[in-house]
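1. turn this into a model:
(chains A, B and C)
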Amino acid sequence: MNTITNNTDFLLAIENLTVSFDGFKAVNDLNLYVDENEIHVIIGPNGAGKTTVLDLICGRTKATEGSIKFRNRELTEMREHEIVREGVGRKFQNPSIYEDLTVFENLELSFPRGRSVWGALTFQRDTEVTARVREIAEMVFLDTLLDMQAALLSHGQKQWLEIGMLLIQDPELLMLDEPVAGMSVSERKQTAKLLNEITKGRSVMVVEHDMKFVEDIAHRVTVLHQGKILSEGSMAKVQSDPKVIDVYLGH
Amino acid sequence: MINLKSFMARQDILALIILAALLFVVMPMSMDIFRLNLIGKYLTYAFVAIGLVLCWGKGGILSLGQGVFFGLGGYCMAMYLKLESSTPEATAIQSTPGIPDFMDWNQITELPWFWEPFNSLTFTLVAILVVPALFAFIIGAAMFKRRVGGVYFAIITQAIAAILTILIIGQQGYTGGVNGITDLRTLKGWDIRSDDAKYFLYFLNGALLLGVLVLCQFVLKSKLGRLLVALRDKEDRVRFSGYDVANFKIFVFCFAAVLSAIGGAMFTLQVGFMSPSFVGIVPSIEMVIFCAVGGRLSIFGAVYGTLLVNWAKTTFSETFPELWLFGLGALFIAVVLVFPNGLSGLYRSYLAPHVDRWIFRKPPEGGSTGTGAIDTPAFEPDPAARPAE
Amino acid sequence: MFADYSWTELGSIFAMQGFAGLILFSVFVLMALGLAIIFGQMGVINMAHGEFMILGAYVTYLCSNFVEAFVPALFGVYFFFAMILAFFVAGALGALVEWSLIRHLYRRPLDTLLATWGLSLILQQAYRSIFGAREVGVTLPDWLLGSVPLTDIIEIPINGIFVMVLTLVIAISVYFLMFRSRTGMQSRAVVQNRVMAGAVGINTEKVDRMTFALGCGIAGVAGSAFTMIGSTGPTAGQLYIVDTFLIVVFGGAASLLGTIASSFAISQAQSTMEFFLSGSMAKVLTLLTVVGILMLRPEGLFSAKIRR
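-> Alright, predicted model coming up:
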C-alpha cells in the first residue's frame, strides 16, 4: 500500500500526505485511493483527521507535504475554485447554504455557468437552467419548495439542499462531511437512498459516525486514527479488525 | 442594454418614477435655486450611499474609506476647473502667473507633472472614472486575494482615508491644503456659478443618479447580485461552488468606488470647490450612516436616507448646533439597534402591503409557495424598497 | 536628509527623538492594551475608545483643580488618586455601555463599529457641553516637572520617565490579570467557546461586562497619562483612534506582546522621522508602511496559527 505510483487508474490518489499545525501532525504520511464509482467512507474517532483530509483535497487547507492527484492532475497547487472546476464537490459538516435566498436561487447559483464576474452579470435564466434546477430539486426531495427561503427549511432539508447544490455541478468526486448528522430516522433512510442513486457515474467520499448508515452505503471503509490509516477494506473486514475495535468501535 | 422590464419589477419602475418626479418636478418647483443647489449637493452623497448598498448591504463589505473615492473624483474635477481659471491673464499678479494661486503662495514656480494632463477635459473625465477604480482595484486585490475582510477591511480603509487626508493637508503646495481647491469658476468658458448653470447641473446630477440607479438595479437583479448576497452569507460555499470569490469582491468595491467618484465630481461642479473635509474618516463614516438610515439593502432607500440625514443636519446644525451631534450619534446607535433595515425596512413592514394591495391589486406576500417565481424574475429576499413618503 | 548633521549630532537626535517616541509609545500602549483586550477577547470594535481615554483625562483635570482648590497639601500626590479614579470612572461608563449597547451586538462586529462611533459622537458633544470646546491642561506637581540631564545635549523629562514606568506597571498587571489569574482564564475561556464556558458555570455575561469595563478603565488611565504630554479637548481622543486600531491589528489582535511591539515600532518610526520630515509626512509614511505591511501580511506581526 505504501509504494508510490506515478500513474494510477484511481480517480483520486493521495500519497504521503502530511499536514502539520505548529508541529502537530493532523494528517501523517497518508496514502489513500478512491476508485471510480465507489462510495468510500472514512470513519475514526474525533480528531483522527477525517475532516482535515477532506479540507486538504478541496484546497481549504494546504498540505505540508505529499501529493493529491485527481485524474492524475495535482490538486495541492490549485486554488479552491479551480479544484471545484476540476470536478470535486464538497459538502460541509453544518449545512452551508444561502439562507437569504430561495431554494431555486441556491441551486441556480451552483449551476456551473457564468462563474466569472462578466459571466455572472450576463447570466440568463434560460430553460436549460430552469429544467436542470427542477430535476435536481426533485432528486433531493425539494421540488415543491423551490420558492421557499432556504432559512425556513428543516435541518434535514438544508442538508439535502446542499447535496443538491453539489449535484447540479455534476462533480466526479463528491465529498460529504457527516451528511446525516442531525437527521431523523426517516430522513436518514431517504438520504441513504439518495446517495446510492447519485453515486451512479461518480465517486463519493463520506465522513460519517453513524455506523448503521455506513453499513448501508459503504463500498469501502477507511479507518483513520491520529492522522494515519488504522485499517482499510470492506465494512465486514474493518468491523472485525481488533485494532479498530480497540480504538474506535469499542467492546 | 437589455429590456428594462427584464430586471425592473413593477414596484421598482414605480419607485424610479416617483423619485424622478420628486427630483425633477416637485423639488425644482417648490424651492429657490439656493435650496435646490443644496439638494443637488446632498444628492452627490447619494451616489456614495448607493455604492455602499451594493458593497456593504448586499456584499457585506464595509468600507469606511468611501470618502477617498468621493474625494478622488472631486479633486480630478477640481484640478481641471482650477487650471482653467488659472490662465496667465487671470493670475498676472502672481510671482509665477499661469499656475493655481495656492501653488504660488507656497513658492512653487512650475506646474507639477501630475497636474499637466488635467488641462484636458477628456483626460479629466476619464480620470474621474479610472483613477478611483484603479485605486480601489489595488486595495481590493491586495486585501481580498488574501482573504482580508470584515472589520480588518473596515479598519484598513479607514486608515487609508486618514492617510490621504493628512497627505492632502500636508502637501498644500500641490493640493491646496486644508482649504482645498477653491474659487472654481468656469467649465470650457461656461460660468458654473450662474443660476442657469446651477439649474442645469442639478438636472444633470439627477439624471446621472437615476441612470446609476437603473444600472445598479440591473447589477442586483443579475446573478451577480444574488452572488453578493450569497457571499455575505456563506463565503466558503460560494468559493466551493467554483467561483473566485475575490474577483467578485474586487468588482463590487471598484464599482462602488466609481459611483462615489461620480458623486464627488458632481459635488465639485455644483458647490464650486473640493477640500479634504470630504475625504477623511468623519465624512466617510457619515456616508455609511446615510446608507444605513435609508436601509442598507435598498438603493432607493439610500437616496432618501441621504436626503433625510443631510436635511436634518443642515436644519439642526443651523439652529441647535449642540444638539446635532447628539442626534447624529443617536442615529448611529438607532440604525444598528432599533431599525437595522432603515427607512426601507420600515416601509416594507408598514406601507408596502397596502401599496401592493391598492396599486398592484396583489395579495400580500408571504405564506404561499406558489409556482410563479420561476418565470417571473421578481425574487429577492430583501426586496428593494420604495420611497417612504 | 542625514547629510547636514554630524555623527554625534545624529546620535543625539536619534536619542532625543527616540525618547520623545517613548512617551508616545506609552500612550499608544495604554490605549492599545484596552482596545486589544476588547477587540481580541470580545471581537468588539470600540470606536469610542478615544473618548474613554479623554474621560480619564477630564477626570484627572477635575482632580487637579479640586485638590489645588481645597486640599493643596495633597497636591504632590494627587496624580495617583486621579489615575485610580480615572480607571474606575471610565470602567464604570464602560460597564454601562456594555450593558445598554454592546451586549446586544455580539457577533455583529461591523455593527458595533457603527454603534460605538455614534457613542463617540455623543460623548464628544457631552464633553463639549460640560467642559467647553477649549482645550484644558492640568497643573503638574513640582516633582514631575524638570528633567534629568543625561549628556550635554540630551535631557530626559521626568514626567516622561513617570509615564513610562506607569505603562510598564499597567502592562505587567494586565498580563497577570489576563494570563495568570482566574478572571483572565474565564475571560479567555468565554472567547474560545462561549457555549461551553457557560455550560461549565462561567457567568459569561458578567465576564463580558468586566472585560469591556477593564478595557475602558485602562483607556481612562491612558487619559491620565495623556494629560502630562498633551492638552485635553473634546475631540482629542479621535485623533488617536486610527493609529491605535492599526497598532492592534498590526500586532496581531490577541497578542499582548504584539501590541507592545507594534506600539513601539510605530511610535519610534513616527517620532524619528518627524525630526527630518514634516510631522504630517512622517505620519503618512508610518501609516502607509503599516497599511502596506498589513496588505502583505494580514494576520499581523504576531499571531498564532490555528487549526480550522
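2. what's around A:M205, how many residues?
-> Using other CB atoms under 10 Å in any protein chain shown, A:M205 has 25 other residues around it. Using the backbone N, CA and C atoms, a C-beta is placed for each residue, glycine as well.
3. scratch that, B:D236 is what I was asking about
-> B:D236: 15 surrounding residues under other CB under 10 Å.
4. check contacts around it.
-> Residues near B:D236 by CB atoms under 8 Å, 6 or more residues apart in numbering or on different chains: A:60, A:92, A:96.
5. what of C:M295?
-> C:M295 neighbours (CB under 8 Å, 6+ apart): B:139, B:142-143, B:146, B:148, B:156.
6. what do you get if the cut-off is 7 Å, keeping everything else the same?
-> Taking CB atoms under 7 Å, 6 or more residues apart in numbering or on different chains, we find C:M295 in contact with B:142-143.
7. wasn't it part of a helix?
-> Yes: counting by DSSP: H, G, I helix; E, B strand; the rest coil, C:M295 is located in a helix.
8. okay, the closest residue to chain B within chain C: pLDDT?
-> Scanning chain C for the residue nearest chain B gives C:G118, at 2.5 Å (criterion: CB to the nearest CB). At C:G118, the pLDDT value in this model is 93.
9. pLDDT weak spots in the stretch 251-389 of chain B?
-> For the stretch 251-389 of chain B, the stretches with pLDDT under 70 are B:360-389.
10. now it against chain C: closest residue?
-> B:F332 (2.5 Å).
11. just the strands in chain A please.
-> Assigned by DSSP state E, chain A shows strands spanning A:12-21, A:24-34, A:39-43, A:65-70, A:73-74, A:88-91, A:173-177, A:203-207, A:220-225, A:228-233.
12. okay, angle between the longest one and strand A:65-70 too, please.
-> Which is strand A:24-34. With axes from the mean of the first three to the mean of the last three CA atoms, to 10 degrees defining the directions, strand A:24-34 sits at 30 degrees from strand A:65-70.
13. so what secondary structure elements neighbour strand A:24-34?
-> Strand A:24-34 sits against strand A:12-21, helix A:50-58, strand A:228-233, with contacts defined as 3 or more CB pairs under 7 Å, 6 or more residues apart in numbering or on different chains; DSSP states H and E.
14. for the closest residue to chain C within the stretch 101-250 of chain A, the count of nearby residues, please.
-> In the stretch 101-250 of chain A, the residue that lies nearest chain C is A:G227 (11.8 Å; CB to the nearest CB). When neighbours are counted by other CB under 10 Å, A:G227 registers 23.
15. what's the answer for the one 3 residues further on, then?
-> Neighbours of A:L230 under the rule other CB under 10 Å: 20.
16. give me the pLDDT value at it.
-> Looking at A:L230, its pLDDT is 87.
17. kindly report the same for C:A269.
-> Taking C:A269 on its own, its pLDDT is 84.
18. tell me which element it is part of?
-> In the assignment (DSSP states H and E), C:A269 maps to helix C:256-276.
19. in that helix, which residues are buried?
-> For helix C:256-276, a neighbour-count test (16 or more other CB atoms under 10 Å in any protein chain shown) marks C:256, C:258-275 as buried.
20. thinking again about what came up before, out of the contacts of B:D236, who's nearest chain C?
-> Nearest to chain C among the contacts of B:D236: A:R60, at 7.5 Å, using CB to the nearest CB.
21. for that closest one, grab the count of nearby residues.
-> Count around A:R60 with other CB under 10 Å applied: 18.
22. give me the phi and psi for it.
-> In terms of degrees, to the nearest 10, the main-chain angles of A:R60 are phi -70, psi -30.
23. can you pull out the helices in the stretch 101-250 of chain C?
-> C:109-131, C:158-179, C:182-192, C:194-199, C:204-226, C:238-250 (DSSP state H, counting those that start in this stretch).
24. what stretches of chain C score poorly on pLDDT?
-> Using pLDDT under 70, chain C drops low at C:1-4, C:150-154, C:253-254, C:301-308.
25. do you know how far the closest residue to C:Y5 other than its chain neighbours is from C:F19?
-> Sequence neighbours aside, C:I13 is the residue nearest to C:Y5 in space, at 6.7 Å (criterion: CB to CB, 6 or more residues apart in numbering or on different chains). As judged by CB to CB, to the nearest Å, C:I13 and C:F19 stand 11 Å apart.
26. is it true that B:L307 touches B:Y42?
-> Yes: B:L307 is within contact range of B:Y42, at 5.5 Å (criterion: CB atoms under 7 Å).
27. more crowded one of the two?
-> For the pair B:L307 and B:Y42, the greater number of neighbours falls to B:L307 (22 against 19), based on other CB under 10 Å.
28. with that, I have no additional questions.
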